[in-house]
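Engineer: Model the structure of this input:
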Amino acid sequence: MSIGPLAGIRVVEAGRFASAPSCGTVLADWGAEVIKLEPPGGDPARGPGSLEGGQGLNPRFDVHNRSRRSVVLDLATTDGHRRGTQLVGSADVFVTNLRPAALTRLGIDEPTLRTAFPRLVYAQVTGYGLGDAENIRSYDHGAFWAYSGMAALFGDSEGAPPQPAGGMGDRASGTALAGAVAAALFARERTGRGDHVTVSLLRTAIWLMASDAADALHRPNRPRELSRTAAPIPTVNCFRCLDGRWIWLQSMLPERDWDVLLEALDAHWLDDDPRFRGGQQCRVQQARSALVEALDEIFRRRTAEEWVGRLRAAGLTVAAVRTLAEAVSDPVVVASGAIREIRHGETVYPTVNSPCSFGDGLADARPAPAPGADTDEVLAELSMDEPVLTTPVLDGGPAGPVTA
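Structural biologist: Next comes the predicted model:
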């Protein structure tokens with residue numbers, strides 16, 4: 001018996017790569033039954049990420065596709081379309097990131113399905129939002145990272161944008177969509193009607209940058225300082241320590257923290273400098289370059305571990321800068337619930353957890369199924385009384401993914 005707040009909810013997901021499937025993972029972690037509807041040949045994301053000699057393990061694919069069953073149907077055929085829409089008719093939620101034109105071509109677009117199944121929650125990820133740009137193909141490197149302004153925001157002094165973490169925008173969008181699905185299911189309990197909930201990679205990116213984006217709406221030509229020595233609040237900054245490791249000091253209100261900070265740094269002499277006296281915000285901002293250089297010299301006197309200990313003991317906010325490899329094995333990260341175990345045959349290995357927890361726990365994590373592994377079982381479960389659409393399938397080629 002499944003546990004979680006969405007136990008008893010059935011989700012059919014027609015997704016490719018990561019954005020819609022990551023929504024499915026979150027919903028599965030919350031207890032929903034998720035059925036992955038795949039085309040012949042399976043999700044194209046199945047190949048990349050496989051481990052050499054890893055006994056068939058594909059950690060990346062498991063993150064986005066664990067804890068569900070797989071049904072393979074060719075929706076471009078009459079029989080595949082009939083069975084596919086019958087499957088959707090048995091569900092509470094349909095999740096997809098196929099382009100709207102492809103969804104229409106396959107007869108599984110929102111107006112068609114929700115007319116036939118009024119209680120259905122139709123959850124959709126697009127690259128650029130619905131409207132004129134809805135059929136522009138995009139992975140998260142495009143709409144989320146490049147087009148949104150995020151890549152430029154994190155660019156270097158010459159404007160060269162860095163590479164993003166793989167699938168970062170997809171998972172952010174998929175998680176947001178899962179929340180919207182939960183809200184729509186709650187509303188359905190009141191109204192008896194489903195809803196059409198949408199998320200775009202582009203809009204998610206703008207929201208994640210909301211502080212900077214809000215500034216840009218009113219001060220579009222204000223440059224974003226890239227240099228540490230030009231940080232708007234010099235005491236919210238990273239500093240390199242004696243052992244070469246970095247820490248991130250987060251003293252948002254330097255005037256409030258000033259005396260405590262100087263005591264922890266054993267640097268009362270900083271207050272003798274009229275440029276910094278009292279940690280007054282206007283002063284330290286005007287002299288931020290000089291203050292960062294002075295703090296650099298101080299932090300080089302002890303290791304990162306020593307500084308983190310001293311600053312936290314003083315009640316100040318600080319964090320060590322970790323590599324990703326260090327972070328995923330860190331006891332604090334593990335204790336936070338960010339890592340969970342998944343069983344693949346006789347092998348138990350760690351995987352990445354979705355970000356939300358509930359007091360009653362999350363549903364067990366199971367490895368991603370092989371393509372079509374559950375087709376016969378799932379179709380046999382469908383009642384012949386389930387409604388079936390008879391919408392004709394139009395030629396027009398395969399349905400390509402809209403997001404990664």
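Engineer: In the stretch 151-300 of the chain, where is pLDDT below threshold?
Structural biologist: Low-confidence segments of the stretch 151-300 of the chain (pLDDT under 70): 223.
Engineer: Can you show me the strands along it?
Structural biologist: Secondary structure of the stretch 151-300 of the chain (DSSP state E, counting those that start in this stretch): strands located at 196-200, 236-240, 246-250.
Engineer: which of the residues in the last one are buried?
Structural biologist: To tie it back to what came earlier, the one meant is strand 246-250. 247, 249 (16 or more other C-beta atoms under 10 Å). C-beta coordinates here come from the backbone N, C-alpha and C atoms, glycine included.
Engineer: Please apply the same query to stretch 159-170.
Structural biologist: For stretch 159-170, by 16+ other C-beta under 10 Å, it's 164, 167, 168, 169, 170.
Engineer: Out of those, which is nearest to residue 234?
Structural biologist: residue 164 (27.5 Å; C-beta to C-beta).
Engineer: Tell me which residues touch the closest one, please.
Structural biologist: Counting by C-beta atoms under 8 Å, 6 or more residues apart in numbering, residue 164 makes contact with 140, 141, 144, 145, 150, 151.
Engineer: from the buried residues of stretch 159-170, which single one is nearest residue 77?
Structural biologist: Closest to residue 77, out of all of the buried residues of stretch 159-170 and judged by C-beta to C-beta, is residue 170, at 29.1 Å.
Engineer: any idea how far residue 288 is from that closest one?
Structural biologist: 37 Å (C-beta to C-beta, to the nearest Å).
Engineer: so which strand or helix has residue 84?
Structural biologist: helix 78-89 (DSSP states H and E).
Engineer: Next, the buried residues of that helix.
Structural biologist: 80, 81, 82, 83, 84, 85, 86, 87, 88, 89.
Engineer: got the CA positions of it in PDB?
Structural biologist: The C-alpha trace of helix 78-89 is given here as PDB (Å, rounded to 0.1, in the frame of the first residue of the first chain):
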ATOM      1  CA  THR A  78      -5.400   3.900 -34.300                       C
ATOM      2  CA  ASP A  79      -5.100   1.100 -31.800                       C
ATOM      3  CA  GLY A  80      -2.300   2.900 -29.900                       C
ATOM      4  CA  HIS A  81      -4.300   6.100 -29.700                       C
ATOM      5  CA  ARG A  82      -7.400   4.200 -28.500                       C
ATOM      6  CA  ARG A  83      -5.500   2.400 -25.700                       C
ATOM      7  CA  GLY A  84      -3.500   5.500 -24.800                       C
ATOM      8  CA  THR A  85      -6.600   7.700 -24.400                       C
ATOM      9  CA  GLN A  86      -8.300   4.900 -22.500                       C
ATOM     10  CA  LEU A  87      -5.300   4.900 -20.100                       C
ATOM     11  CA  VAL A  88      -5.500   8.700 -19.700                       C
ATOM     12  CA  GLY A  89      -9.200   8.300 -19.000                       C
END
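Engineer: Give me the packing partners of it, helices and strands only.
Structural biologist: Applying 3 or more C-beta pairs under 8 Å, 6 or more residues apart in numbering; DSSP states H and E, we find helix 78-89 packed against strand 33-38, helix 110-116, helix 375-381.
Engineer: pLDDT averaged over the shortest one - what is it?
Structural biologist: Regarding strand 33-38, the rounded mean pLDDT is 97.
Engineer: so what secondary structure elements neighbour that strand?
Structural biologist: For strand 33-38, where contacts count as 3+ C-beta pairs under 8 Å, 6+ apart, the packed elements are strand 10-14, helix 19-29, strand 69-72, helix 78-89.
Engineer: Could you do the second one as well?
Structural biologist: In this structure, helix 110-116 makes packing contacts with helix 78-89, strand 121-126, judged by 3+ C-beta pairs under 8 Å, 6+ apart.
Engineer: Give me the distance between the last one and the centre of its chain.
Structural biologist: Pointing back at strand 121-126 there. Counting by C-alpha atoms, centre = their mean, to the nearest Å, strand 121-126 is centred 16 Å from the centre of its parent chain.
Engineer: Could you give the average pLDDT over that strand?
Structural biologist: 97.
Engineer: So what touches it?
Structural biologist: Residues contacting strand 121-126 (C-beta under 8 Å, 6+ apart): 15, 19-20, 23, 92-97, 99-100, 110, 113-114, 130, 134, 173-174, 177, 180-181, 184-185, 188, 194-201, 402-403.
Engineer: what about the residue of the chain positioned farthest from its centre, distance to residue 258?
Structural biologist: Within the chain, residue 272 marks the point farthest from the mean C-alpha position, 46.8 Å out by C-alpha atoms, centre = their mean. From residue 272 over to residue 258 the distance is 13 Å, taken as C-beta to C-beta.
Engineer: And for residue 250?
Structural biologist: Taking C-beta to C-beta, one finds residue 250 at 15 Å from residue 258.
Engineer: Take the helices and strands packed on strand 33-38 and lay them out in CSV including mean pLDDT and distance to residue 205.
Structural biologist: Formatted as CSV, these follow (pLDDT from 0 to 100; distance: least, C-beta to C-beta, whole Å):
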stretch, mean pLDDT, distance to residue 205
strand 10-14, 97, 23
helix 19-29, 96, 12
strand 69-72, 96, 30
helix 78-89, 94, 30
